[in-house]
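Participant: How does the following fold in three dimensions:
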Amino acid sequence: MAEPGPGSQADPIAEEARGRPVRARRVGILGGSFDPPHRGHLHAARAARSAFELDELRFVPAARPPHKPGRVLAPARHRLRLLELLLAEEPGFTIDPRELDRPGPSFTVATLRELTEELPGQELFLVLGGDNLAGLADWRDVEEVLALARPIVVQREEDLDRALAAAGAKLSEAARSRLRAGLVREPPLEASSTELREALGAGAAPGLRLPPALRDYIEREGLYRDAPFSDSP
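Facilitator: Below you'll find the predicted structure:
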């Protein structure tokens, strides 16, 4: 893909010299098990980037999702490789493996605290699927999460307004306001990692939800064929 031309992005130093306000660099965070990653994740990331003009979007795979304590994930090395294949043609989309190196459950608030220190002066955005709203109020330090990063809530199959109202009933007005400001009403692309694992485990074709490179890798490595997976990374 062609690199942007010289005039495609304003030079912050030049803009400041002209007395124009300089927008802070915007970094989106999309976390999840990515077990496996699929076109639905790409769809949400693209919608968030377009709606909020993100300069970078980081995919952050979890080591141990707190809300899935009993499920064994595919080994981290495979999930990372699948993400690399998914994002190979997506400039501006990167992989941040920090949660895989952190012991214990993968809490979003810990990741956002680290990134706030590492990226001073930059604006953080947390990309959520609408289906995340149901359990959002139970996240560790959720009010801090929604203060550290502006939420972007991308529509999935659910009634977004109803899901937001249910989640907001347990949150402060400030948190509800930030969620409302981050709604992205994009026609959903139906894809689910759970459904894909079930299809692959049953020997069924995953269809267009998985790009060919990911399907080939999964078949070659024998992923999702037998359960449970080993806990090794």
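
Participant: For residue 78, give me its contacts.
Facilitator: Contacts here follow CB atoms under 8 Å, 6 or more residues apart in numbering; on that basis residue 78 touches 217, 221, 223. Placement of C-beta: from N, CA and C, glycine included.

Participant: what's the answer for residue 170, then?
Facilitator: Residues in contact with residue 170 (CB under 8 Å, 6+ apart) are residue 137.

Participant: One more: residue 133?
Facilitator: Residue 133 neighbours (CB under 8 Å, 6+ apart): 153, 158, 163-164, 166-167, 179.

Participant: Pick out the most distant pair among the residues you listed.
Facilitator: Pairwise distances among the contacts of residue 133 were taken by CB to CB; the largest, 14.1 Å, belongs to 158 and 179.

Participant: ok, the two, which is more surrounded?
Facilitator: residue 179 (22 against 15; other CB atoms under 10 Å).

Participant: So that one: helix, strand or coil?
Facilitator: Three-state call for residue 179 (DSSP: H, G, I helix; E, B strand; the rest coil): helix.

Participant: Nearest to residue 208 among the contacts of residue 78?
Facilitator: residue 217 (16.4 Å).

Participant: Run a quick neighbour tally on the residue nearest to residue 181 when sequence neighbours are not counted.
Facilitator: Closest residue to residue 181 apart from its sequence neighbours, by CB to CB, 6 or more residues apart in numbering: residue 150 at 7.6 Å. By other CB under 10 Å, 17 other residues sit near residue 150.

Participant: With residue 109 instead?
Facilitator: 18.

Participant: mind checking pLDDT for the closest residue to it other than its chain neighbours?
Facilitator: Excluding the flanking residues, the one nearest residue 109 by CB to CB, 6+ apart is residue 141, at 4.3 Å. Looking at residue 141, its pLDDT reads 97.
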